[in-house]
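Trainee: only geometry, no sequence info:
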């Protein structure tokens, strides 16, 4: 069923739409400004989001807010559309997040003594990885001497409210064949959310050590995929510039993320890490690389996609 309320709101900004053979509405595109109404919007309530696509310039997405901003709609109009839109398949119902606690054997590095050889070994490992004392204090990094997480660095993650939402355990014993031993992860969890500014340029990387190396507004994906809740937060946030810094073996996934975020109106930068990840490069090198990366254009995106055909 067509959502006539949304149609009326969009008509007030883009002008009265023209019905199409597919049952959608066609408007003049605020991106390419073609003389004919070639921007088609689907207002069917049965469809997730409100898919839109310009048949001339190729711009597409599911977020009507992007169209309103491009059309320089008033703040009142943007606020009104936000009350009624959803955000494609990235929107879902709120879910209860299970409580998580740090291991009972967790020790902060501030408690290290001269005789604490395990703690000193852990501290030496962090120094080798480029983690500074300031990083340790900021992120409340500690270690375990005994228990399930014996001889493991513990890097906690906190929600925007300051509640522990996850932790990563990294073995610092060079003789251990198990590198990581992490607790179950909620799909709603955003790593390092406490330190994220949702109105500043954002960097997406793979691991927590990568985020520690980048230091500024970096979210570790803890893998090669963006969780749905995180994508929803990014799309609906005030973040305009997004840097995607994934390892070489995740470039195909990175390009898909770039395309989706560009279609949602974000300015996207695909950081070429070459053969090293951010934690191996170090703060200065990765900062320089990020600062010299140019925004991805539609042509660049097409060229990247063709590499995987």
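Mentor: Nice, I can see it. Just so you know, these numbers come straight off a predicted model, no measurement behind them. Numbers count the residues shown, from 1 in each chain.

Trainee: how about stretch 13-28: buried residues?
Mentor: Residues of stretch 13-28 classed as buried by neighbour count (16 or more other C-beta atoms under 10 Å): 13-14, 17, 24-28. All C-beta atoms are positioned from the backbone trio N, CA, C, and that covers glycine.

Trainee: okay, now the domains of the protein?
Mentor: 4-86, 106-171, 196-306 (automatic domain parsing).

Trainee: gap between the longest one and the chain center?
Mentor: On the basis of C-alpha atoms, centre = their mean, to the nearest Å, domain 196-306 sits 8 Å off its chain's mean C-alpha point.

Trainee: per-residue pLDDT, residue 307?
Mentor: pLDDT recorded at residue 307 is 86.

Trainee: residues contacting it?
Mentor: Residues near residue 307 by C-beta atoms under 8 Å, 6 or more residues apart in numbering: residue 251.

Trainee: all strands in the stretch 201-309 of the chain, in order from the N-terminus.
Mentor: For the stretch 201-309 of the chain, the strands defined by DSSP state E, counting those that start in this stretch occupy 202-205, 218-220, 241-244, 267-270.

Trainee: in the chain, where is pLDDT below threshold?
Mentor: Residue ranges of the chain with pLDDT under 70: 46-48, 86-99.

Trainee: mind listing the helices for it?
Mentor: Applying DSSP state H to the chain gives helices spanning 4-14, 64-70, 75-82, 117-128, 133-139, 208-214, 228-236, 251-263, 278-281, 283-292, 298-306.

Trainee: so which of the ones you listed is nearest residue 166?
Mentor: Ranking the helices of the chain by proximity to residue 166 (C-beta to C-beta) places helix 208-214 first, at 9.5 Å.

Trainee: summarise which helices and strands that closest one is packed against.
Mentor: When contacts are defined as 3 or more C-beta pairs under 8 Å, 6 or more residues apart in numbering; DSSP states H and E, helix 208-214 packs onto strand 152-158, strand 202-205, strand 218-220, helix 278-281, helix 283-292.

Trainee: one step back: just send the helices of the chain back as a markdown table, with distance to residue 162 too.
Mentor: As requested, the helices of the chain are arranged in a markdown table below (distance: least, C-beta to C-beta, whole Å):
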| stretch | distance to residue 162 |
| --- | --- |
| helix 4-14 | 37 |
| helix 64-70 | 29 |
| helix 75-82 | 27 |
| helix 117-128 | 23 |
| helix 133-139 | 13 |
| helix 208-214 | 18 |
| helix 228-236 | 17 |
| helix 251-263 | 28 |
| helix 278-281 | 25 |
| helix 283-292 | 25 |
| helix 298-306 | 38 |
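
Trainee: and residue 178, which of the ones you listed is closest to it?
Mentor: helix 117-128 (14.9 Å).

Trainee: output the contacting helices and strands for the closest one.
Mentor: So helix 117-128, by 3+ C-beta pairs under 8 Å, 6+ apart, packs with strand 142-144, strand 152-158.

Trainee: same thing but at 10 Å, please
Mentor: strand 106-108, helix 133-139, strand 142-144, strand 152-158, strand 164-171 (3 or more C-beta pairs under 10 Å, 6 or more residues apart in numbering; DSSP states H and E).

Trainee: I'd like those laid out as a markdown table, including distance to residue 288 and mean neighbour count.
Mentor: As requested, these are arranged in a markdown table below (distance: least, C-beta to C-beta, whole Å; neighbours: other C-beta atoms under 10 Å):
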| stretch | distance to residue 288 | mean neighbour count |
| --- | --- | --- |
| strand 106-108 | 32 | 18 |
| helix 133-139 | 19 | 15 |
| strand 142-144 | 31 | 25 |
| strand 152-158 | 25 | 24 |
| strand 164-171 | 26 | 21 |
